[in-house]
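In: I would like to see how this sequence folds:
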Amino acid sequence: MNILVIAGEISSDIYGAEIIKQLIAQKPDITVFGIGGNKIKNECHTFISNIAHKHAIGILERIDKIKFYNDLCKKLREFLSKNKIHKAVLIDNPHYNFKLAKIIKEFDIPIVSYITPYFWMFPDLKKVKRLVDYSKKIITIYKKEYEIYNRFTPEVYYFGHPLISLIN
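Out: Have a look, this model is predicted:
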């Protein structure tokens, strides 16, 4: 089985690397492709692109990154056309996951959303519904996040925050 893990931020890169470690430990025959940062790069079998350092906050920073993300979308489409991917895991990337999910869905690849972008907090129900529409499964880390998504899909699971194990 081939899995693609995408993390667009530094914290997501850490969580993505942990997911990859666990997947490989539990299913040694799995092949993991990664888009993220150095943590994912060190854990996956094939690293496609480093995007974790390109996270942007605010409009001006995002405008500055448009060419980079347009190139990433082209690279992702080319990669998916040449490789059979069975599942994709998208980890918290509020500004670009919609774009990346659209490309992934063109190839009929089921998407698991983990640590959803925080627009559920406000709540921006339009964006919540968009995420539900592209996600086969949603794994949440906060109870309120779970409750919001559970209103729109039964395929939502409450995992708890991954950092909780550090204080136990």
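In: Where does the prediction get shaky in this structure?
Out: Across the chain, the ranges flagged by pLDDT under 70 are 54-64, 95, 120, 163-168.
In: in it, which spans are helices?
Out: 10-26, 38-43, 59-64, 66-82, 97-106, 125-134, 143-150, 164-167 (DSSP state H).
In: where's the fourth one relative to the chain centroid, distance-wise?
Out: The chain centroid and the centroid of helix 66-82 are separated by 15 Å under Cα atoms, centre = their mean, to the nearest Å.
In: got the angle for that helix vs helix 97-106?
Out: Interaxial angle, helix 66-82 versus helix 97-106 (axes from the mean of the first three to the mean of the last three Cα atoms, to 10 degrees): 20 degrees.
In: Would you mind saying which of the helices of the chain lies nearest Val112?
Out: helix 10-26 (9.5 Å; Cβ to Cβ). To be clear about C-beta, it is placed using only N, CA and C from the backbone, and glycine gets the same treatment.
In: send the alpha carbons of the closest one over as CSV?
Out: Output of helix 10-26 as CSV, limited to C-alpha atoms (Å, rounded to 0.1, in the frame of the first residue of the first chain):
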residue,chain,number,x,y,z
ILE,A,10,6.5,22.9,11.2
SER,A,11,4.2,21.4,13.9
SER,A,12,2.4,19.3,11.3
ASP,A,13,5.7,18.0,10.1
ILE,A,14,6.4,16.7,13.6
TYR,A,15,3.0,14.9,13.8
GLY,A,16,3.4,13.6,10.2
ALA,A,17,6.7,12.1,11.0
GLU,A,18,5.2,10.3,14.0
ILE,A,19,2.3,9.0,11.8
ILE,A,20,4.9,7.7,9.3
LYS,A,21,6.9,5.9,12.1
GLN,A,22,3.8,4.2,13.4
LEU,A,23,2.5,3.2,9.9
ILE,A,24,5.9,1.6,9.0
ALA,A,25,6.2,-0.1,12.4
GLN,A,26,2.7,-1.6,12.1
